[in-house]
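> Kindly return the folded structure for what I paste below:
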Amino acid sequence: MLFRQASCTILLFVFFAQQLLAQDISQRIKSPSTYFQQRLEAIELYNSGQWEESKVVLKDILEQYQKDPDLYYLMGISMYETGNYQEAIDHFSNCLDLGGPSLLGTQVNSDPLNDVMVKIAQAYAKLGDKDNTIVWLKIAFAARYDEKPFLLGSPEFEAFSGDKVFLELFGVSSRENMSRTEAWEADLSYFERRVEQINYTFNMGTDRTKFTESVAQVKASISSLTDEELIVEIMKIVGNLGNGHNFIIPTTPTIGALKKLPIQLYQFSDGMIIVDANDDYNEWIGYEVESIGGMTIEEVLLRSNEVNSRDNDMQTLWLGPYYITLPDVLKGLGVIDNADKVNLSLKDSIGNTVELEIAPEAWNFTGFPKLPKLRGDQQPLFLSRMDEVYWSTLLPVHQAIYVQFNAVAEKEDQSLELFCEEWYTLSQENKVKSLILDLRHNQGGNGSLLPTMHQAVRKFVTMTPNGRVFVLAGRETFSAAQNLLTKLTEYANPIIVGEPSGSRPNHIGEAGWVRLPNSGLMAIISTQFHQTSRAEDQRKWIAPHMPVSLSSEDYFSGNDPALEEIKKLIQVLDEK
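This is a model prediction of the structure:
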């Protein structure tokens with residue numbers, strides 16, 4: 001009996017080995033170099049939208065080789081764009097079977113697995129196949145698809161826009177005339193389900209039970225809380241999820257935005273200072289806030305952590321000043337009793353104190369604030385062009401080039417690749433010895449663009465004997481900018497100047513959008529773990545080699561002490 005089993009096992013092994021060998025033989029490529037050229041041609045045709053032509057080339061190379069998921073992805077898109085939806089589904093499915101595409105960093109900019117799943121759902125929708133559309137949307141959503149709210153109302157799914165089953169995927173109920181309590185209960189139930197589905201921190205030790213209990217407590221309190229108070233309670237739940245990519249956008253299409261004080265605060269080394277204000281409050285710019293509602297500003301800032309889901313304490317300095325300008329948040333944190341007016345204790349530059357009562361105003365959320373430019377025409381270099389995505393200038397006296405990279409994105413009129421070529425060429429033509437890369441305003445963006453910047457920095461390091469790389473970092477160096485900083489430390493040996501970074505070398509990131517169906521409240525929930533550094537790296541941030549803080553006196557005087565310290569060090573090193 002054992003002999004027969006062994007014989008069967010050997011026969012099966014031989015059979016499958018023969019099948020694999022036959023498959024490999026069938027995939028012998030006519031000419032590897034020709035194949036490679038065809039692959040490049042297919043990508044170029046794809047980039048230019050020549051779908052019919054790309055299908056011809058892709059068909060030829062796929063007949064030769066069936067182990068490249070990128071080719072199936074390209075063919076799936078080409079088939080979809082030419083109306084061959086079933087063929088698109090087949091090729092997308094083959095792509096998934098091979099683990100998904102990996103064309104990030106190229107013009108093709110392929111998508112993660114869950115995006116491919118949504119493309120399959122879109123193809124089924126075009127075929128009018130509702131059942132398979134629903135199945136594949138469920139698969140994509142379970143795989144933490146980030147852009148879920150934006151599929152509702154998209155033209156690809158227009159045929160199912162009124163379908164009950166389709167709408168239920170997005171938490172939209174067919175019930176009519178729901179009471180306020182019922183609408184918020186439905187919102188919170190959907191919020192709970194979706195966060196449990198996509199939030200990566202549950203895989204990293206965040207207490208799921210505590211999350212569920214918190215949602216239940218808010219549900220039980222709906223009738224006793226205003227809409228604004230409910231939003232703050234949801235902000236607290238998100239704040240307890242424990243990483244910097246989790247937050248609530250405090251505005252809804254049905255309720256409106258939480259009101260905001262008409263001032264902007266910034267935590268300098270010498271205090272919490274008003275750095276910007278609406279016209280009626282301009283006179284208070286430059287004043288230090290000592291207390292709010294009788295509570296010290298230090299305690300208020302500490303309490304803001306309850307709604308500030310952060311990677312490290314630098315995010316307290318970055319986002320805490322924003323949260324404490326929302327009176328409803330201040331009330332929810334027990335700082336004030338009345339959100340319709342806020343009492344501030346202020347101090348001027350010579351120590352005189354004054355009490356100021358401010359009423360909040362309506363506003364539109366457009367993103368988290370940055371340190372604003374100074375009032376007036378004269379600006380220090382680091383504030384002069386912070387509204388541009390990237391720019392550079394030579395510092396001839398120091399044989400340096402200053403590159404400010406303010407978002408991991410691309411300009412409409414200049415790609416990041418062309419910009420990197422520009423600053424690198426400028427550095428070589430002018431025999432630059434020091435590269436100064438300023439990431440202090442960079443809150444992240446599209447991480448797939450980073451290879452372009454890395455390539456340019458690597459070239460500079462390689463082609464500049466005895467050259468130096470300085471990186472200016474701080475509390476807003478976050479997300480994709482943190483990833484850039486982390487990788488730079490591995491190959492460029494940079495001298496880091498400024499503050500600790502706003503995130504961890506290994507952190508949980510991405511932006512999974514969650515829209516509550518009745519209130520319209522939007523949350524961003526982190527969905528992926530980014531291991532940019534070694535697996536054992538548990539650092540809370542990347543610390544500067546030259547710690548340099550910014551005081552309010554430096555700011556209002558137009559000084560940049562961090563850049564000045566770099567210039568001093570360059571001079572010292574050049575004299576050695």
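> From here on, just use CA atoms for contacts and neighbour counts.
Fine.
> Okay, helices next: where are they in the stretch 51-200 of the chain?
Using DSSP state H, counting those that start in this stretch, the helices found in the stretch 51-200 of the chain span residues 51-64, 69-81, 85-97, 113-126, 130-142, 164-168, 180-198.
> quick one: the third one to helix 69-81, angle?
Right, helix 85-97. 160 degrees (axes from the mean of the first three to the mean of the last three C-alpha atoms, to 10 degrees).
> Same check on the longest one?
For helix 180-198 against helix 69-81, the angle between stretch directions is 140 degrees (the same axes, to 10 degrees).
> Helix 180-198 to helix 130-142, inter-axis angle?
70 degrees.
> In PDB, list the C-alpha atoms belonging to helix 180-198.
C-alpha atoms of helix 180-198 as PDB (Å, rounded to 0.1, in the frame of the first residue of the first chain):
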ATOM      1  CA  ARG A 180     -32.100  63.000  13.400                       C
ATOM      2  CA  THR A 181     -31.300  60.200  15.900                       C
ATOM      3  CA  GLU A 182     -31.800  57.500  13.400                       C
ATOM      4  CA  ALA A 183     -29.700  59.300  10.800                       C
ATOM      5  CA  TRP A 184     -26.800  59.700  13.200                       C
ATOM      6  CA  GLU A 185     -27.100  56.100  14.400                       C
ATOM      7  CA  ALA A 186     -26.900  54.900  10.800                       C
ATOM      8  CA  ASP A 187     -23.900  57.100  10.200                       C
ATOM      9  CA  LEU A 188     -22.100  55.800  13.300                       C
ATOM     10  CA  SER A 189     -22.900  52.200  12.400                       C
ATOM     11  CA  TYR A 190     -21.400  52.700   8.900                       C
ATOM     12  CA  PHE A 191     -18.400  54.600  10.300                       C
ATOM     13  CA  GLU A 192     -17.800  51.600  12.700                       C
ATOM     14  CA  ARG A 193     -18.000  49.000   9.900                       C
ATOM     15  CA  ARG A 194     -15.800  50.900   7.500                       C
ATOM     16  CA  VAL A 195     -13.100  51.900  10.000                       C
ATOM     17  CA  GLU A 196     -12.900  48.200  11.200                       C
ATOM     18  CA  GLN A 197     -12.600  47.200   7.600                       C
ATOM     19  CA  ILE A 198      -9.700  49.500   6.500                       C
END
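> that older thread, reformat the helices of the stretch 51-200 of the chain as CSV; add mean neighbour count.
Listed next are the helices of the stretch 51-200 of the chain as CSV, based on neighbours: other C-alpha atoms under 10 Å:
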stretch, mean neighbour count
helix 51-64, 17
helix 69-81, 24
helix 85-97, 21
helix 113-126, 24
helix 130-142, 18
helix 164-168, 15
helix 180-198, 18
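> Out of those, which gets nearest to Q482?
helix 180-198 (22.3 Å; C-alpha to C-alpha).
> Now do that closest one: which elements does it pack against?
Identification of packing neighbours for helix 180-198 by 3 or more C-alpha pairs under 8 Å, 6 or more residues apart in numbering; DSSP states H and E yields helix 130-142, helix 208-220, strand 512-515.
> what's the helix or strand harbouring L330 packed up against?
In the assignment (DSSP states H and E), L330 maps to helix 327-332. With contacts defined as 3+ C-alpha pairs under 8 Å, 6+ apart, helix 327-332 has these neighbours: helix 227-239.
> returning to that earlier point: Y390: which of the helices and strands packed on helix 180-198 is closest?
Of the helices and strands packed on helix 180-198, nearest to Y390 by C-alpha to C-alpha is strand 512-515, at 26.3 Å.
> which other residues reach the closest one?
144-149, 191, 194-195, 198, 521-527 (C-alpha atoms under 8 Å, 6 or more residues apart in numbering).
> Narrow these to those in strands?
Judged by DSSP state E, the subset of the contacts of strand 512-515 located in strands is 522-525.
> show me the contacts for the residue lying closest to T532 once chain neighbours are set aside.
Among residues not flanking T532 along the chain, N506 sits closest, at 5.5 Å (C-alpha to C-alpha, 6 or more residues apart in numbering). N506 is in contact with 529-533, 535, 537-538, counting by C-alpha under 8 Å, 6+ apart.
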